[in-house]
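Asker: pasting the sequence and the predicted model now:
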Amino acid sequence: MMTDRVCRTRTEQIVASDPNRVVVFDTTLRDGEQAPGFSMSAEAKVRVARVLRDLGVDVIEAGFAAASPGDEECIRRVAGEVEGPVFCSLSRASEADIDAVHRALAPAPRSHRRVHVFLGTSPIHRSAKLKMRANAVLATAVRAVEYARSRFDDVEFSAEDAFRTEPEFLAEVLEAAADAGARTLNAPDTVGYATPEEVKARFRKLSARIHARHPDVILSAHNHDDLGMAVANSLAAVEGGARQVEVTVNGIGERAGNASLEEVVMALKVRVDRFGVSTGMETRHLLRASRTLCEVTETAVARNKAVVGVNAFAHEAGIHQHGMLADSRTYEIMRPQDVGFEGSWFVLGKHSGRHAIAKRAETIGRPIDSERMAAVVSGFKQRADQIGEIDDAELIAIIDQAERAADQKVLRYA
Ligand code: MN
């Protein structure tokens with residue numbers, strides 16, 4: 001059992017000073033970047049890493065150093081050009097991989113370097129991929145963590161495919177990794193198979209067992225979205241005692257992606273009444289992080305993407321617009337400014353009603369007289385049926401037409 005724990009790692013310090021603080025570990029530049037269509041140049045990675053730093057991300061996983069010389073160089077650039085967060089690289093459980101991480105993270109101060117060693121622990125990974133028996137997996141994990149600790153103070157160990165691993169064996173491997181000096185223990189749902197109830201129960205058990213022996217060790221969750229449960233599972237892990245969440249901007253990542261950073265962070269913030277934890281995030285940079293990633297990868301998020309989609313704070317339906325004009329809390333649970341939007345956005349279309357039309361007309365300096373209101377609304381609905389969204393120029397044309405029609409009526413009756 002390791003006893004040289006006089007110095008806590010940066011993330012251990014964060015959680016030790018506030019047990020309700022959740023460490024945000026961003027893997028956009030590793031798990032995200034390794035998904036098809038999301039490759040990034042070194043310049044792109046540095047740009048994204050700068051926004052992640054502004055956001056207040058605690059740990060940035062910048063790549064997989066042993067994957068290619070290019071990946072190693074990208075990590076070196078990020079670790080050398082961005083300052084603040086802890087920088088991390090993924091590593092297989094081998095000395096050569098750990099050495100590659102050591103080279104790649106050399107530009108960062110020692111206290112800001114983490115190696116993230118992983119090894120498959122589930123029956124299918126042991127038999128099909130590793131061709132190793134359980135006891136050999138356990139011994140390999142321990143040897144790799146011990147070697148990693150000879151090169152780094154901050155070592156994270158991941159039991160790959162943890163949620164399809166026998167619960168007792170998973171706990172045994174993680175405990176052995178902690179005994180060997182790992183400071184963060186990750187129980188990833190590598191294949192997006194678990195449900196929130198299962199995740200919460202598993203973390204509760206792991207926490208009881210691991211923290212009895214290693215109170216400072218941080219349990220970490222890494223969830224994939226194959227069944228659309230990555231965010232729910234990450235939140236369930238926090239409820240079960242995890243104090244690190246591994247997330248990505250826009251939820252990019254292998255296959256259906258990882259838990260989305262913006263969704264997990266805003267769920268923890270908006271529902272602090274339920275979760276009772278905080279992150280160190282400056283959430284007003286969330287939209288910028290999403291847009292920067294879209295820009296460098298030439299991708300887009302869906303209009304209806306939670307938190308950062310263009311529809312996240314847009315309202316078209318008349319009943320909703322009427323409610324929003326009275327009090328934005330009728331239809332919004334967070335302030336758009338808190339995630340980086342300038343404000344809510346009313347889209348005028350066939351679903352809009354007279355309150356929203358009148359409000360917009362007033363805003364653009366063309367208030368509508370009450371006697372002309374009916375004509376404007378009628379003209380508006382006809383036009384909206386034809387073209388969909390009514391922008392300001394269209395609205396002015398509709399008001400003009402209603403005024404002309406009214407003037408003609410006056411002339412006729414004169
Ligand atoms: Mn993953």
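Answerer: Noted; the coordinates are in hand.

Asker: make sure residue 255 is indeed in a strand.
Answerer: No: secondary structure of residue 255 (DSSP: H, G, I helix; E, B strand; the rest coil): coil, not part of a strand.

Asker: could you check how far the residue lying closest to it once chain neighbours are set aside is from residue 160?
Answerer: Of all residues not flanking residue 255 in the chain, residue 226 sits nearest, at 5.9 Å (C-beta to C-beta, 6 or more residues apart in numbering). Yep, even glycine has a C-beta here, placed from its N, CA and C like the rest. For residue 226, the distance to residue 160 equals 15 Å [C-beta to C-beta, to the nearest Å].

Asker: which one's more surrounded, those two?
Answerer: The residue with more neighbours, out of residue 226 and residue 160, is residue 160; 22 against 16, by other C-beta atoms under 10 Å.

Asker: so residue 25 sits against residue 61, correct?
Answerer: Yes: counting by C-beta atoms under 8 Å, residue 25 touches residue 61, with 6.6 Å between them.

Asker: who touches both of the two?
Answerer: Common contacts of residue 25 and residue 61 (C-beta atoms under 8 Å, 6 or more residues apart in numbering): 88, 246.

Asker: surely the residue nearest to residue 255 is in a helix?
Answerer: No: if the criterion is three-state DSSP, then residue 226 is coil and not within a helix.

Asker: tell me how far the lengthiest helix in the chain is from the chain's mean position?
Answerer: The residue-count maximum for a helix in the chain (DSSP state H) belongs to helix 392-413. Relative to its chain's centre, helix 392-413 lies at 50 Å (C-alpha atoms, centre = their mean, to the nearest Å).

Asker: tell me what that helix is packed against?
Answerer: Where contact means 3 or more C-beta pairs under 8 Å, 6 or more residues apart in numbering; DSSP states H and E, helix 392-413 is packed against helix 354-363, helix 373-387.

Asker: can you list contacts of the helix or strand containing residue 60?
Answerer: For residue 60, the element it lies in under DSSP states H and E is strand 59-64. The contact list for strand 59-64 (C-beta under 8 Å, 6+ apart) reads 11, 23-27, 29-31, 33-34, 45, 49, 52-53, 71-72, 74-75, 78-79, 82, 85-91, 104, 114, 116, 244, 246.

Asker: and if we set it to 7 Å?
Answerer: Contact partners of strand 59-64, identified using C-beta atoms under 7 Å, 6 or more residues apart in numbering, comprise 11, 23, 25-27, 29-30, 33, 45, 49, 52, 71, 74-75, 78-79, 85-90, 114, 116.

Asker: then stretch 26-35?
Answerer: The contact list for stretch 26-35, computed with C-beta under 7 Å, 6+ apart, reads 38-40, 45, 48-49, 52, 57, 60-64, 78, 90, 246-249, 252-254, 258, 261, 293.

Asker: list the contacts for the residue nearest the centre of the chain?
Answerer: Taking C-alpha atoms, centre = their mean, the centroid of the chain lies closest to residue 261, which sits 1.0 Å from it. Residue 261 is in contact with 26, 247-249, counting by C-beta under 7 Å, 6+ apart.

Asker: I am finished for the moment; much appreciated.
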